[in-house]
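A.B. asks: 3D, please:
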Amino acid sequence: MPGTQQFHQDLTTAPTQLDGSSGYLQSSGLRHLNLPAQQCAAAAPRARPQEVGGPRPQRFFRIPFIRPADQYKEPQSKKGWWCAHFDGPWIARQLELHPDKPPVLLVAGKDDMEMCELNLEETGLTRKRGAEILPRQFEEIWERCGGIQYLQRAIESRQARPTYATAMLQNLLK
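C.D. replies: This is a model prediction of the structure:
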C-alpha cells in the first residue's frame, strides 16, 4: 500500500508546524524542503547532545492531526491524535492514534528515522494552547496501546536511546 505508507511517513516525520487557524497539525512533509525521509536523514543528520547537569524537564503533548488531503473537508470527524513525550528538548516517545488503524508506537534510538526530528522549541507545541497534557494522561494512553512492552523490547535489544522513560522502566522492572 504505497499511499498508506507515504501517509504514515509524512505523519511520522512531519509534526513540523501547527496551523494556527485550525489548531490541527499540518503534516505536509515539510521536513527539509519536501525531500523524502531517507534523503532528509542523509542530508541533515542532527546531533542530539547529551545535557550536562541536573535532570531534564519532562513534557507531554497531545494534538489532533488530519491528513493533508482532508484538511479542507467538512466535517473533520476522522481525526487522529499525535502524542509525544519530550525528555528535555528532544522527543523520547511518540504515539500516533489513527482512526480505524492500530496505534503507532515510536521510541528514541530505535525509531529515530520515523520520529519528529525537531526539538521542542522548533515544534511550536509549547505555544499551542491545550496541547500540553499531564504525564499520567500520556502514560495511560501509552500503556493502553502496548507502549510498555514496546519500550521494554527496544531496551532489551539495545535499540532504545537512554532517556527518562527507559530509566523509569528499568527501575520498575528491577
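
A.B. asks: CA atoms of the helix or strand hosting residue 172 as CSV?
C.D. replies: Per DSSP states H and E, residue 172 falls inside helix 164-173. This file holds the C-alpha atoms of helix 164-173, laid out as CSV (Å, rounded to 0.1, in the frame of the first residue of the first chain):
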residue,chain,number,x,y,z
TYR,A,164,14.0,9.3,31.3
ALA,A,165,11.4,6.8,30.1
THR,A,166,13.9,4.0,29.7
ALA,A,167,15.4,4.7,33.1
MET,A,168,12.0,4.6,34.7
LEU,A,169,11.0,1.4,33.1
GLN,A,170,14.3,-0.3,34.0
ASN,A,171,13.8,0.8,37.6
LEU,A,172,10.3,-0.5,37.6
LEU,A,173,11.4,-3.9,36.3
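
A.B. asks: Which other helices and strands does it contact?
C.D. replies: If you count contacts as 3 or more C-beta pairs under 8 Å, 6 or more residues apart in numbering; DSSP states H and E, helix 164-173 packs onto strand 80-87, strand 90-97, helix 147-156. To be clear about C-beta, it is placed using only N, CA and C from the backbone, and glycine gets the same treatment.

A.B. asks: Dump those into JSON lines; add mean pLDDT as well.
C.D. replies: As requested, the helices and strands packed on helix 164-173 are exported to JSON lines (pLDDT from 0 to 100):
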{"stretch": "strand 80-87", "mean pLDDT": "97"}
{"stretch": "strand 90-97", "mean pLDDT": "97"}
{"stretch": "helix 147-156", "mean pLDDT": "97"}
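
A.B. asks: Any stretches of the chain with poor pLDDT?
C.D. replies: Across the chain, the ranges flagged by pLDDT under 70 are 1-53, 67-71, 73-77.

A.B. asks: The residue nearest to residue 80 when sequence neighbours are not counted: neighbour count?
C.D. replies: Excluding its sequence neighbours, the residue lying closest to residue 80 (C-beta to C-beta, 6 or more residues apart in numbering) is residue 98, at 4.6 Å. For residue 98, the count of nearby residues is 19 (other C-beta atoms under 10 Å).

A.B. asks: Tell me how far residue 98 lies from residue 137.
C.D. replies: According to C-beta to C-beta, to the nearest Å, residue 98 and residue 137 sit 19 Å apart.
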